[in-house]
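>>> Sequence and computational prediction follow.
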Amino acid sequence: MKLLKITILIGAMLSFTACSKSNGGDSEIDPPRLPGGGGGDPDGVSLIFPENNSECTEGVVRNDLQSSVTFEWEAGESVDSYELHLRNLESNSSATTTSQNNEVTIDLERGRPYEWFVVSKKEGTDESPSSAKWRFYNQGPGVENYAPFPAEAIAPTRGQTVNATTSIVLEWQGSDVDNDIVGFEVLFDTNPSPATSLGTTSQNSIDANVGSGQTYFWRVITKDAAGNTSRSEVFDFIVQ
């Protein structure tokens, strides 16, 4: 009987040892990861809804002026909370909403273009990665064709200092829910409210003459086939 007890004990110890090691050697078992906790910096997240460059039709209509839209994104690792940053692209007004979950519902003006992104937050670290920025139109009553989204500057970037030169290529990106953009007009000046037109183009770039030691301001007016227009923000750059 004593021999049988010893054999059972040794077998149990061997079984425990075999389950406590990986196939390759002596590494310890990793502790379970706690939701939102754990070591390391927070991850940036991927956005889900509203989709980029789309018309949002899945909100709950409150009245003729407002509807509720639920924003969704993938949960990140080592994240305690999220900040949803939302900007009305017509009025340029911004708002920030904090959430412990990977979704939040917000009341929006109908028939307006918006831009949104999510920042991951974690206590004890200054790292706060941002998601990509997405744009959408919140569906409005009776709207059959939407104005283009305001163009985004690609180069020069806002506030950039460029080497001394006599000419520069201005580049931007335009987008439209209806995919019917027909052209762009570029306003360019040393005045913070540019009014001098460089002309109209169907391309996403245009040449501009510049001089050393100057600060330049520019914006893009996007036009679509239905006659709708949008005006970008004013971008600026400095020539050394």
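Looks like it arrived, so ask away.
>>> Check residue 17 and give its pLDDT.
For residue 17, the pLDDT comes out at 35.
>>> got it, and the one 3 residues further on?
Residue 20 is assigned a pLDDT of 33 by the prediction.
>>> Let me see the domain layout of this protein.
The chain breaks down into these domains under automatic domain parsing: 47-138, 149-239.
>>> Tabulate the ones you listed (a markdown table), appending mean neighbour count.
Every C-beta, even on glycine, is put in place using the N, C-alpha and C of the backbone. Converted to a markdown table, the domains of the chain look like this (neighbours: other Cβ atoms under 10 Å):
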| stretch | mean neighbour count |
| --- | --- |
| domain 47-138 | 16 |
| domain 149-239 | 16 |
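>>> what about the ones you listed, which gets the closest to residue 40?
domain 47-138 (5.0 Å; Cβ to Cβ).
>>> follow-up on the earlier one: can you lay out the domains of the chain as TSV showing distance to residue 41 and mean pLDDT?
Compiled in TSV, the domains of the chain are given as follows (distance: least, Cβ to Cβ, whole Å; pLDDT from 0 to 100):
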stretch	distance to residue 41	mean pLDDT
domain 47-138	4	95
domain 149-239	26	97
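>>> With distance to residue 40 added, can I get those domains in a markdown table?
Converted to a markdown table, the domains of the chain look like this (distance: least, Cβ to Cβ, whole Å):
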| stretch | distance to residue 40 |
| --- | --- |
| domain 47-138 | 5 |
| domain 149-239 | 30 |
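>>> so what's residue 121 up against?
Going by Cβ atoms under 8 Å, 6 or more residues apart in numbering, residue 121 touches 42, 79-83, 128.
>>> Okay, and the beta partners of it?
As for beta bridges, residue 121 partners with residue 81 under DSSP bridges.
>>> From residue 85, how far off is it?
12 Å (Cβ to Cβ, to the nearest Å).
>>> For residue 214, which non-adjacent residue is spatially closest?
residue 239 (5.3 Å; Cβ to Cβ, 6 or more residues apart in numbering).
>>> go on, residue 218?
residue 188 (4.5 Å).
>>> List the residues that contact the residue sitting nearest the centre point of the chain.
In the chain, the residue lying closest to the centroid (Cα atoms, centre = their mean) is residue 133, at 1.6 Å. The contact partners of residue 133, taken as Cβ under 8 Å, 6+ apart, are 115-117.
>>> OK, contacts around the residue nearest to residue 75 when sequence neighbours are not counted?
Excluding the flanking residues, the one nearest residue 75 by Cβ to Cβ, 6+ apart is residue 102, at 4.5 Å. By Cβ under 8 Å, 6+ apart, residue 102 lies in contact with 45, 72-76, 82.
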